[in-house]
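**Q** sharing a model that was predicted from the sequence below.
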Amino acid sequence: MPLHPLFQSMLQGSVSAPPTHTLPLEVIRQANLAVLPMLGEPEPVNNICDLDIPVQNGAVPIRIYTPEGQGPFPVVLTIHGGGWVAGSRAVFEHISRAIANRVGCIAVSIGHRLAPENKFPIPLLDCYATAQWVEGHIGEFGGDPSRIAVLGESAGGNIAAALTILARDRSGPGLVYQVLVNPALEYPEPGSESMKQFGENYGLTQADILWCLQQYMSGEKDIHDPYFPPMNSSNLNGLPPALIITGEYDPLRDEGEAYSERLRAAGVPSTAVRIDGVIHGFFLLTKLLEPANQALEHVANALRKAFWMG
């Protein structure tokens, strides 16, 4: 399918912009927040509670979104994107709210610490500690600790995938489902066919991905760590069922689809859905883009089935 007109216009308008990875870190973070007006007004949700969760050497903020209705509610941990170096709960706010409302679940949005100040595995361990906290305490907020899923987008998809492996290896917390949207799952060199085909001139570039991973990694040894690029894991057995959403013109497309195939080969039920005509980051644009709403419906339907049909 041809590239969606919205993205054609966006890419044409950014032809003269400097590559993202050449910008100062603070500018990258400000630019990430600058997209907030494009995302529209977040939909109302029944109740919101902000907390700080203790983690190793610090604390991370979480926001708990509770829908209308009677609990105990299933729970989705939402992990924002932003290349491990940027992003925030604010940019993922409307997704977390929509998930809570459309699925009828509690959404717990995690404000994990960012690289390069906090390198691998700190952001992953922040999310793991939050998952442990949720398992132990979400009952106090009307949640069901036996029905916890995880949803991550882009770099958040990387962390979400790694979180399921880490939780399996440490015998908990129990996770019943994983949703990975445009996930970064392997080292980008030499890269997949989609990385070669769309790694330039389609927004997110191969050079951007490589730079972001280098900010996240603590050393070259991380390239071979199964919790860093989850595609490196030699053992995908016993992981929760998965839905993986990819974009047709996203350089990360092929690795997401390949990971879904590897999960199925390991006996893990996994569905890959490719959204046509879109580039990386499309999932956030639910107020502007019908394909983003279609992807959100795929996610909501999969989570409802996982929570209520097993």
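**A** Structure received.

**Q** low-scoring stretches of this protein, by residue?
**A** Screening the chain residue by residue with the criterion pLDDT under 70, one finds the ranges 310.

**Q** need the helices for it, in chain order.
**A** Listed from the start of the chain, the chain has helices (DSSP state H) covering 5-13, 25-34, 36-39, 93-103, 122-137, 155-169, 193-198, 206-216, 253-265, 290-308.

**Q** tell me which of these sits most buried.
**A** Mean neighbour counts were taken over these using mean count of other C-beta atoms under 10 Å, and the top value, a mean of 25, falls to helix 155-169. All C-beta spots, glycine's among them, are computed from the backbone N, C-alpha and C.

**Q** let's have the helices of the chain in TSV, adding distance to Met231.
**A** Written out in TSV, the entries for the helices of the chain read as follows (distance: least, C-beta to C-beta, whole Å):
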stretch	distance to Met231
helix 5-13	26
helix 25-34	25
helix 36-39	30
helix 93-103	24
helix 122-137	15
helix 155-169	9
helix 193-198	12
helix 206-216	13
helix 253-265	6
helix 290-308	21
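
**Q** next one: stretch 112-127 to chain centre, how far?
**A** Shown here is stretch 112-127, whose average C-alpha point lies 14 Å from the average C-alpha point of the whole chain (C-alpha atoms, centre = their mean, to the nearest Å).

**Q** correction: the previous question concerned stretch 133-142.
**A** Here stretch 133-142 shows a centroid-to-chain-centroid distance of 22 Å under the convention C-alpha atoms, centre = their mean.

**Q** list of residues touching it?
**A** Outside of stretch 133-142, the residues within contact range by C-beta atoms under 8 Å, 6 or more residues apart in numbering are 49, 53-54, 64, 66, 71-73, 75, 77, 106, 108, 143-145, 148, 172-174.

**Q** rerun at 6 Å
**A** In this structure, residues lying in contact with stretch 133-142 by C-beta atoms under 6 Å, 6 or more residues apart in numbering are 53, 64, 71-73, 75, 108, 145, 173.
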